[in-house]
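# I would like the atomic coordinates for the input below:
(chains A and B)
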Amino acid sequence: EAQVTQNPRYLITVTGKKLTVTCSQNMNHEYMSWYRQDPGLGLRQIYYSMNVEVTDKGDVPEGYKVSRKEKRNFPLILESPSPNQTSLYFCASTLGGTQYFGPGTRLLVL
Amino acid sequence: QKEVEQNSGPLSVPEGAIASLNCTYSDRGSQSFFWYRQYSGKSPELIMFIYSNGDKEDGKFTAQLNKASQYVSLLIRDSQPSDSATYLCAVSGTGNQFYFGTGTSLTVIP
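Numbers count the residues shown, from 1 in each chain, chains lettered A, B, ... in the order given. Coordinates of the predicted model:
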């Protein structure tokens, strides 16, 4: 089954404690993205990757890092989380402009 | 900052009616336009995309694009309670990024 998986689905952490949210897709897509979704602000692209070892900033990259060492995986790293990064995060894998979203990770930073 | 604007709603229509959702975008170089549906607590899923001016029909959905007016719309015929969701307009432009509107909440009243 074609899918995008994210882990963890829910995470509560404290300010400054580094965390990684994993994302994996089994569709062999080259383009992958990370989004955050906040009430009233919609989905905003954090980072995207056109292919292995190629990443670019989206609209809201501050406080986030990504890496793309393999085509299937695109982890999102928060090196020093802050409360304003409390949000719902989606990973997406894209083919021909159509985005396939993961189930989402709900993050609370205390 | 590329902007995609949607009326947040909520939009309420009776069962069986046509629901009309609208979206405007600011980047005149935008080339691809997408409509996603998002149920509460779920990830967005693609309904349809449109690239060329005019209408595109897919089942009960019709997307309409007017690049001169920078306007894209989605019509949902024979609306059912199961169509109640938030509808997201997304645009990809001259770069490699995607921009989403904040979504329109649709409620179909039985």
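
# hey, let's count contacts and neighbours off CA atoms from now on
Noted.

# what about residue B:82, which SS state?
For residue B:82, the assignment made with DSSP: H, G, I helix; E, B strand; the rest coil gives helix.

# got a list of what it touches?
Residues near residue B:82 by CA atoms under 8 Å, 6 or more residues apart in numbering or on different chains: residue B:108.

# ok, now how distant is it from chain A?
According to CA to the nearest CA, to the nearest Å, residue B:82 stands 20 Å off from chain A.

# Could you tell me how many residues sit around the residue in chain B positioned nearest to chain A?
Proximity of chain B to chain A (CA to the nearest CA) peaks at residue B:102, 4.0 Å away. Residue B:102 has 24 neighbours, counted by other CA atoms under 10 Å in any protein chain shown.

# How about residue A:39?
When neighbours are counted by other CA under 10 Å, residue A:39 registers 9.

# how about it, phi and psi?
phi -60, psi 130 (degrees, to the nearest 10).

# if I look at it, how far off is residue B:71?
Using CA to CA, to the nearest Å, residue A:39 is found at 24 Å from residue B:71.

# residue contacts, the closest residue to chain B within chain A?
Per CA to the nearest CA, residue A:42 is where chain A lies closest to chain B, at 4.0 Å. By CA under 8 Å, 6+ apart, the residues touching residue A:42 are B:100, B:101, B:102, B:103.

# For the residue lying closest to the last one once chain neighbours are set aside, which three-state class applies?
With sequence-adjacent residues excluded and distances taken as CA to CA, 6 or more residues apart in numbering or on different chains, residue B:103 is closest to residue B:88, at 4.4 Å. Under the three-state scheme (three-state DSSP), the conformation of residue B:88 reads as strand.

# Kindly report the same for residue A:17.
With three-state DSSP as the basis, residue A:17 sits in coil.

# so how many other residues sit close to it?
Residues near residue A:17, counting by other CA under 10 Å, number 12.

# need the contact list for it.
By CA under 8 Å, 6+ apart, residue A:17 lies in contact with A:79, A:80, A:81.

# Could you double-check that the residue of chain B closest to chain A lies in contact with residue B:90?
No - counting by CA atoms under 8 Å, residue B:102 stays clear of residue B:90, with 9.5 Å between them.

# Common neighbours of those two, please.
By CA under 8 Å, 6+ apart, residue B:102 and residue B:90 have these common neighbours: residue B:4.

# Residue A:80: how many residues sit nearby?
Neighbours of residue A:80 under the rule other CA under 10 Å: 14.
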